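Student: Provided below are the primary sequence and the corresponding predicted coordinates.
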Amino acid sequence: MRIGILAGEASGDILGSRLIAALRERHPNLVVEGIGGPLMAEQGLDSLFPMERLSVMGFVEPLKRLPELLRIRGTVYRHFRDNPPDLFLGIDSPDFNLHLERKLRRAGVTTAHLVSPTVWAWRAGRLKGIARAVDRMLCLFPFELPIYAGHGVAASFVGHPLADEIPPEVDRAAARAALGLAQQGRLLALLPGSRGGEVGLLAPLFLQAASQLSLLHPDLRFVLPGANREREAQVRELLAAYPGLPLTLVSGRSREVMAAADAVLLASGTATLEATLLKRPMVVAYRMAPLSWALVRRLVKTPFAALPNILAGRALVPELIQDDATAQAMVEAIEPLLAGQGAAAEQREAFDAIHRELALGFAGQAAEALLATIRDKAGPAAASAPGGKGRG
């Protein structure tokens with residue numbers, strides 16, 4: 001069996017490596033070609049180009065690199081068009097991969113895509129293009145399936161890798177010990193984001209809220225992970241205005257920080273899923289520049305911003321967005337969670353149900369979905385023959 005896989009970012013390299021390993025368990029002589037990083041290479045990927053040539057960030061850099069990116073995509077397309085694999089899989093990077101998948105599918109190659117674009121939140125018009133591009137979409141969240149079914153796109157829910165990675169129970173005491181934090185007393189984690197703009201808008205409000213909470217609860221302590229040196233310096237400058245605040249600034253290690261805490265105040269984003277799987281009660285906040293917010297309000301269709309609320313299908317955790325994200329509102333939302341009962345217990349119970357729903361064994365489920373897609377496209381005769389399409 002021969003598979004084409006393209007991952008353009010480090011996160012995709014992680015997913016791809018786990019998936020290749022699961023496929024190789026089922027087909028030991030598997031041949032894998034495409035583009036990936038060091039983890040996929042360890043699993044036997046023959047990479048046509050270094051993955052870092054695709055890893056571009058922001059708005060200006062991709063425009064500067066556009067000729068090279070188009071050349072790479074064209075080369076990959078011709079390679080698999082002229083040497084068709086049993087299946088081609090694009091991992092995330094939808095702007096790059098979906099175009100490639102559409103051309104390959106038109107050329108007769110069976111295609112799949114791993115990690116659904118956020119069509120449930122914005123740019124739902126992409127579904128028409130996705131329907132032309134892929135034979136199967138592999139979804140990390142169950143609520144994505146009916147969206148694709150409504151547009152005639154075959155889709156499989158394969159679970160989320162983080163739900164496999166994070167155990168059902170996480171030891172708070174061990175996390176505090178690892179971070180050098182005191183075992184006694186209540187601890188609130190503050191995660192104002194990883195980008196400079198996010199931290200600039202949210203960290204001042206988070207620190208104001210922490211200062212107010214400290215007056216109300218003298219035993220309460222705080223911990224804040226800096227995503228990198230720049231963010232740490234940014235937070236340290238803000239902390240100068242709060243000399244008595246009992247806050248520990250940690251370099252990175254955001255998951256351990258959340259695991260050590262009794263509750264979490266954090267920016268909307270992927271960290272909310274980690275907090276959910278860690279079973280830590282949370283309040284989610286977000287702010288952006290006024291012009292950006294005016295545009296986002298018109299584009300975003302989902303009623304919720306926080307992933308735990310989207311997964312629960314209800315307002316499970318408080319969301320403080322834009323003008324509602326004030327220090328006083330944060331204090332009022334966090335206070336009930338510090339008691340550990342009531343709202344906090346309700347969140348933890350719902351988080352446990354979400355964890356069980358997402359922990360399917362991602363790599364195995366994804367591998368089986370891809371192999372089923374190959375069999376379906378190959379037809380009954382080929383599917384019943386050893387080796388599928390007969391490529392090994």
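Tutor: Right, received. Where do you want to start? Numbers count the residues shown, from 1 in each chain.

Student: ends of stretch 171-191, how far apart?
Tutor: 20 Å (CA to CA, to the nearest Å).

Student: quick one: residue 374 is in a helix?
Tutor: Yes - under DSSP: H, G, I helix; E, B strand; the rest coil, residue 374 sits within a helix.

Student: Sort out which residues of whichever strand or helix holds residue 365 are buried, please.
Tutor: Using DSSP states H and E, residue 365 falls within helix 362-378. Buried residues in helix 362-378, defined by neighbour count with 16 or more other CB atoms under 10 Å: 362-371, 373-375, 377-378. Every residue, glycine included, has its C-beta placed from N, CA and C.

Student: what's that helix packed up against?
Tutor: helix 10-26, strand 87-91, strand 111-114, strand 136-139, strand 155-157, helix 161-165, helix 380-384 (3 or more CB pairs under 8 Å, 6 or more residues apart in numbering; DSSP states H and E).

Student: And the ones you listed: which comes nearest residue 275?
Tutor: Within these, the stretch nearest residue 275 is helix 161-165; the backing value is 11.0 Å (CB to CB).

Student: Against which helices or strands is that closest one packed?
Tutor: Counting by 3+ CB pairs under 8 Å, 6+ apart, helix 161-165 packs on helix 10-26, helix 271-277, helix 343-358, helix 362-378.

Student: Kindly export the helix holding residue 365 (C-alpha atoms) in CSV.
Tutor: Extracted C-alpha coordinates of helix 362-378, given in CSV (Å, rounded to 0.1, in the frame of the first residue of the first chain):
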residue,chain,number,x,y,z
PHE,A,362,-7.4,9.0,17.4
ALA,A,363,-4.7,7.3,15.4
GLY,A,364,-6.4,3.9,15.1
GLN,A,365,-9.8,5.5,14.2
ALA,A,366,-8.2,7.7,11.6
ALA,A,367,-6.2,4.8,10.1
GLU,A,368,-9.4,2.6,9.9
ALA,A,369,-11.3,5.4,8.2
LEU,A,370,-8.7,5.9,5.6
LEU,A,371,-8.4,2.2,4.9
ALA,A,372,-12.2,2.0,4.5
THR,A,373,-12.1,4.9,2.1
ILE,A,374,-9.5,3.1,0.0
ARG,A,375,-11.6,-0.1,0.0
ASP,A,376,-14.8,1.8,-0.9
LYS,A,377,-13.1,3.6,-3.8
ALA,A,378,-11.3,0.5,-5.1
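
Student: ok, the residue nearest to the spatial centre of the chain to residue 170 distance?
Tutor: The centroid of the chain falls nearest to residue 270 when counting by CA atoms, centre = their mean (5.2 Å). Per CB to CB, to the nearest Å, residue 270 is found 17 Å from residue 170.
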